[in-house]
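**Q** Here is my input, please return the structure:
(chains A and B)
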Amino acid sequence: MKATLRSLLPCLGLAATFLLFASIGPSAFHCAFNLKTILTQSVIVGIGALGMTLVIVGGGIDLSVGSIIALATVLAAKVLGLGFLPGAVLPWAAAACAVAAGAGCGLLNGFLTARLGIIAFIVTLGTMQIYRGAAKWAAGEQTVTAPASWLNALMEVDPTPAWLVLAPGAWILLALAGAVSLVLTRTVFGRHVFALGSNEATARLCGIPVVRRRLLIYALGGAFAGMAGVMQFANLTLGDPTAAEGMELDIIAAVVIGGGSLRGGEGTAVGSLVGALLMAVLRNGCNMAGIPNYLQNIVVGAIIIGAMGLDKWRQRAAET
Amino acid sequence: MAGELKGAVPAGPPADGRTLLHPRPLLRLRGVRKAFGAAQALQGVDLEIAPGEVHALVGENGAGKSTLMSILGGSLAPDGGTMEFLGAPYRPPGPAQAGNLGVSLVHQELALAPHLDVESNICLGREASRLGFLKSQGGRVREALERLGYGHLDPRTRVGDLGTAERQIVEIARALFQDARLILMDEPTSSLPARDAENLFGAIARLKARGVSVVYISHFLEETARVADRITVLRDGRTAAAGLPASTPQRDILAAMVGRPVTEIFPSAPRTLGDTLLSVRGWISRPGAAPAAFDLRRGQILGLAGLVGSGRSSLLRGLAGLGPRIAGEMGMPGVPPRDMGGRIGFLSEDRKEEGLALNLSVRANATLSVLGRFRGPGGLLRRDAETAAVREVCAALQVRYRDPEQAVGALSGGNQQKVALSRLLLGRSEVWLLDEPTRGVDVGAKAEIYRLISRAAAEGKAVLWAGSYLPELFGVCDSLAVLHRGKLSPVRPVGRWTEAEVMAWATSGAGRP
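**A** Predicted structure coming up:
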């Protein structure tokens, strides 16, 4: 009962925010095209947030995802520019390379935290800089142009086969959300992620291979960031080593708004998806309603703190 | 059912197997030893557990019970001796492997994942799956709960929403789920109300009927007499009496627990008692405790004996204003209530977590509560005056340290404790509430701390000393009172107590045996 209420809260928040903008904003806000736009705008943060959900539920944090996204856009653009590969393979190779690089970055994060025992916040604060530097180095400190390919169509609000209705990236987001949800709630690995975040000592006591699980969690988180990077690339149609700066904070905020606890053991894929949507609705709604940018920042910040305050208050009410 | 169990030992105890040595014991320890640095925690423990037996392990604090449990549970490796389980050598490299072999430890600080539900906690690490997807094991989980008489507990309940008693049952059910043949319980009733303790005893009886053996650590002798088939007494890391029948008179068990030579050197500083500094009337600091009343006089060291969980700490913390006061009055004659705080000093039993900021310097730790005294012009701290005061007090306490800027965590346990005491000295408090002031301190430093505190008392402090090590209390204190589950005995001069009387009160709350 309490759990259902808890998972409903982010949805209620999303509905309330949407209704608010629908009433104060222009009618263009709630037209079908804008709804599809909002969904598409939430794809990058949303995919990153799905990976971050695994990391946060497992009791960790990953500040390097923004940099991983930038690195992924650069690598995707570089691979697309490789002349010696056949044209049909190139987009697939570019996407695979971006995701694999993300997974590798995540694996390094996991290795540094789980094996060397440095706390995740510090490790990923460092690798955030390192991966950003790597992206700039790979790009030669400038944007990397790439020949057009079907990757660019991933984020088109009106997709070319019209029967798709939503942008391919939005479908990918929804499919990944379903997959992460399934993994977290229905698999042994998911159960171990929760146990690790809830009480690591207990997990170790019960014979769960803590280090290996952590490596996998961070690698998956990185792979999702790599996938988000592919979407970012599709958006920009070029590789940009300065892309997604600060996006890790939006991604973490989406998870937290969606019910994830930074102390671990709590969080859902659907909640994080809703959190990402809520952020997109806020940004889009503020733009449509002509609310100036500085006010947007203040509103987004207030929403994050408000969501947490509400959750604390609810917890305290449940305890007494 | 028996077919499921591992190993060849038949389940079910022979009815007459209680007092005799079992021909094929489930577990047999011979001469198990364990040292932590220079401290010998275990110096030769023998123990035999029969199949389907509830075996109580008793002993004073520091006798080595918890170390022994950790060794059996696989989280510590012994230094020497032999261990056999089901007739084969037993030396698990970790708790998970001990669990696989059939030995499970139910933890005092319960080892559960609060965010997961009952079923997930019970299956943790042993999930059934197909292609990585979880398969429900609700049937086996419910069976484990039913075996403990808790079939009504919904496996879907979040463990964080359960009370302590039910969490304990979940842990025991986890052990059953792992087909444990031996369940180790470390003071399972210390945090339980009486009614829940009854339910736990019921669950233990059911385990026994199923042929599962239980090693049961408890301080409460009336409890062990009820629950256990046999009792083994540990003293100073050795087996003092092995496999006593449950019908052994309490006084014989107590004799086995306390009968050891007193090796510490206690100071015999002459002290004269002065006027009353603190008087406590009708004091209750935790629910269910009986009102406590006593006076503390200048020059007096009043010992507060009692076992872990008896309420010593909550009494002291309540008086220090760190814990709740449910009822009662405390007063210092001639001192208005708002000035009392500055005259009462408190020493925490948990030096590492609470008593000291380990990564701060000796100077910062010593002056933390009296920084106002070193405030100079413009609100800046006068570092030279502060350092001089720290040097002086550390010299008086004979702290062995390099310089005042050294991190206090780099000092030995005894010297850390002296730094904690230096804060009381600098604070000029008159009433000292000391919670286990010699915990985690080696014998040499203990003797120094005894001397320092009795000198402070001789110079006019009034000291309330909570401790669980009886020779220490008898050696240092003028008078003594004993707590049993929140009930305080009358205060009597130490000469009018015997160790056996103190243990009797501490374990049963009764008067003179």
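**Q** rest of the way, CA atoms for contacts and neighbours
**A** Noted.
**Q** for the closest residue to chain A within chain B, what are its contacts?
**A** Distances from chain B to chain A, computed as C-alpha to the nearest C-alpha, single out B:F133 as the nearest residue at 4.1 Å. Each residue near B:F133 by C-alpha atoms under 8 Å, 6 or more residues apart in numbering or on different chains is listed here: A:R186, A:T187, A:V188.
**Q** need the helices for the stretch 1-150 of chain A, in chain order.
**A** Secondary structure of the stretch 1-150 of chain A (DSSP state H, counting those that start in this stretch): helices located at A:2-24, A:32-41, A:43-57, A:65-80, A:90-110, A:120-139.
**Q** Under the pLDDT cut-off, which ranges of the chain? List them.
**A** I went with chain A, as the question did not name one. Counting by pLDDT under 70, chain A contains low-confidence residues at A:1-6, A:314-315, A:317-320.
**Q** Hmm, no, I was thinking of chain B.
**A** Judged against pLDDT under 70, the low-scoring parts of chain B cover residues B:1-23, B:38, B:61-62, B:108-109, B:191, B:194, B:259-265, B:268-269, B:442-444, B:511-513.
**Q** need the residues of it near chain A, please.
**A** Taking C-alpha under 8 Å from any C-alpha of the partner chain, the part of chain B that reaches chain A is made up of B:94-97, B:111-116, B:120, B:124-129, B:132-134.
**Q** shouldn't B:L105 be in contact with B:R181?
**A** No - in this structure B:L105 lies outside contact range of B:R181 using C-alpha atoms under 8 Å: 11.3 Å.
**Q** So which of the residues of chain B next to chain A sit within helices?
**A** Using DSSP state H, the members of these that fall within helices are B:P95, B:A96, B:Q97, B:S120.
**Q** among those, who's most crowded?
**A** Taking other C-alpha atoms under 10 Å in any protein chain shown as the neighbour criterion, B:S120 ranks highest of those with 28 neighbours.
**Q** Without its sequence neighbours, what residue ends up closest to it?
**A** Ranked by C-alpha to C-alpha, 6 or more residues apart in numbering or on different chains and with sequence neighbours excluded, the top spatial neighbour of B:S120 is A:R191, at 7.6 Å.
**Q** For B:L124, which residues are in contact?
**A** Residues counted as contacts of B:L124 (C-alpha under 8 Å, 6+ apart) are A:H192, A:A195, A:A203, A:C206.
**Q** for the first one, what are its contacts?
**A** For A:H192, the contact set (C-alpha under 8 Å, 6+ apart) comprises A:A203, A:I208, A:R213, B:L124, B:G125.
**Q** Confirm it sits in a helix?
**A** Yes - assigned with DSSP: H, G, I helix; E, B strand; the rest coil, A:H192 falls within a helix.
**Q** Spatially central, which residue of the chain would that be?
**A** Going with chain A. Taking C-alpha atoms, centre = their mean, the centroid of chain A lies closest to A:G48, which sits 1.7 Å from it.
**Q** Wait, chain B was what I had in mind.
**A** Taking C-alpha atoms, centre = their mean as the criterion, B:V308 is the residue nearest the geometric centre of chain B, at 4.5 Å.
**Q** just checking, that residue is part of a strand?
**A** No - note on B:V308: no strand contains this position according to three-state DSSP, which reports coil.
**Q** Please report how far the residue of the stretch 151-300 of chain A at minimum distance from chain B lies from A:P168.
**A** Nearest to chain B in the stretch 151-300 of chain A, going by C-alpha to the nearest C-alpha, is A:T187, at a distance of 4.1 Å. If you measure A:T187 against A:P168 using C-alpha to C-alpha, to the nearest Å, the figure is 27 Å.
**Q** Can you name the two of the contacts of A:H192 that sit furthest apart?
**A** The largest distance within the contacts of A:H192, taken as C-alpha to C-alpha, falls between A:R213 and B:L124 and amounts to 14.1 Å.
**Q** Compute the number of surrounding residues for B:E392.
**A** The local packing count at B:E392 equals 14, with neighbours defined by other C-alpha under 10 Å.
**Q** And B:G37, by the same measure?
**A** Taking other C-alpha under 10 Å as the criterion, the count of residues near B:G37 is 7.
**Q** circling back to that earlier point, would you reformat the contacts of B:F133 as TSV and include neighbour count?
**A** Written out in TSV, the entries for the contacts of B:F133 read as follows (neighbours: other C-alpha atoms under 10 Å in any protein chain shown):
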residue	neighbour count
A:R186	17
A:T187	21
A:V188	22
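**Q** Let me know the closest of those residues to A:G267.
**A** When these are compared for distance to A:G267 (C-alpha to C-alpha), A:R186 wins out at 14.3 Å.
**Q** which residue ranges form the helices in the stretch 401-513 of chain B?
**A** Counting by DSSP H, counting those that start in this stretch, the stretch 401-513 of chain B forms helices over residues B:413-427, B:443-458, B:470-476, B:499-508, given from the N-terminal end onward.
**Q** The second one to helix B:413-427, inter-axis angle?
**A** Translated: helix B:443-458. Here helix B:443-458 runs at an angle of 20 degrees relative to helix B:413-427 (axes from the mean of the first three to the mean of the last three C-alpha atoms, to 10 degrees).
**Q** quick one: secondary structure of the closest residue to B:G59 other than its chain neighbours?
**A** The spatial neighbour of B:G59 that comes closest, neighbours along the chain excluded (C-alpha to C-alpha, 6+ apart), is B:L234 at 5.0 Å. Reduced to three states with three-state DSSP, the structure at B:L234 is strand.
**Q** Now that B:L234 has come up, it's in contact with B:A240, right?
**A** Yes - shown here, B:L234 and B:A240 form a contact pair, counting by C-alpha under 8 Å, at 5.3 Å.
**Q** what do these two both touch?
**A** Counting by C-alpha under 8 Å, 6+ apart, the common neighbours of B:L234 and B:A240 are B:M257.
**Q** Who has more neighbours out of those two?
**A** Neighbour comparison, B:L234 and B:A240: the larger count goes to B:L234, with 28 against 20 (by other C-alpha under 10 Å).
**Q** Same list (the contacts of A:H192) but as TSV, adding distance to B:S218.
**A** TSV is the format used below for the contacts of A:H192 (distance: C-alpha to C-alpha, whole Å):
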residue	distance to B:S218
A:A203	27
A:I208	30
A:R213	37
B:L124	28
B:G125	29
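**Q** out of those residues, who's nearest B:R28?
**A** When the contacts of A:H192 are compared for distance to B:R28 (C-alpha to C-alpha), B:G125 wins out at 27.9 Å.
**Q** dump the residue contacts of that closest one.
**A** Each residue near B:G125 by C-alpha under 8 Å, 6+ apart is listed here: A:H192, A:A203, A:C206, A:G207, A:I208.
**Q** Mark which of these are part of helices, please.
**A** Secondary structure assignment (DSSP H) places A:H192, A:A203 from those within helices.
**Q** Return the member of the contacts of B:G125 nearest to B:L47.
**A** The nearest member of the contacts of B:G125 to B:L47, counting by C-alpha to C-alpha, is A:C206 at 26.1 Å.
**Q** Tell me how many other residues crowd the closest one.
**A** The number of residues packed around A:C206, counting by other C-alpha under 10 Å, is 25.
**Q** That one and B:A96 touch, don't they?
**A** Yes - at 5.4 Å, A:C206 counts as touching B:A96 under the criterion of C-alpha under 8 Å.
**Q** Quick check: neighbours shared by these two?
**A** Common contacts of A:C206 and B:A96 (C-alpha under 8 Å, 6+ apart): none found.
**Q** Now do A:S67 against chain B, distance only.
**A** Distance check for A:S67 against chain B: by C-alpha to the nearest C-alpha, to the nearest Å, it reads 32 Å.
**Q** can you check A:D311 too?
**A** Going from A:D311 to chain B by C-alpha to the nearest C-alpha gives 15 Å.
**Q** Now for that residue, how many residues are close by?
**A** By other C-alpha under 10 Å, the residues close to A:D311 number 17.
**Q** go on, B:P490?
**A** Each residue near B:P490 was counted by other C-alpha under 10 Å, and the total is 13.
**Q** Could you pull up the residues touching it?
**A** By C-alpha under 8 Å, 6+ apart, the residues touching B:P490 are B:A481, B:V482.
**Q** That one and B:P291, how far apart?
**A** From B:P490 across to B:P291, the span is 12 Å (C-alpha to C-alpha).
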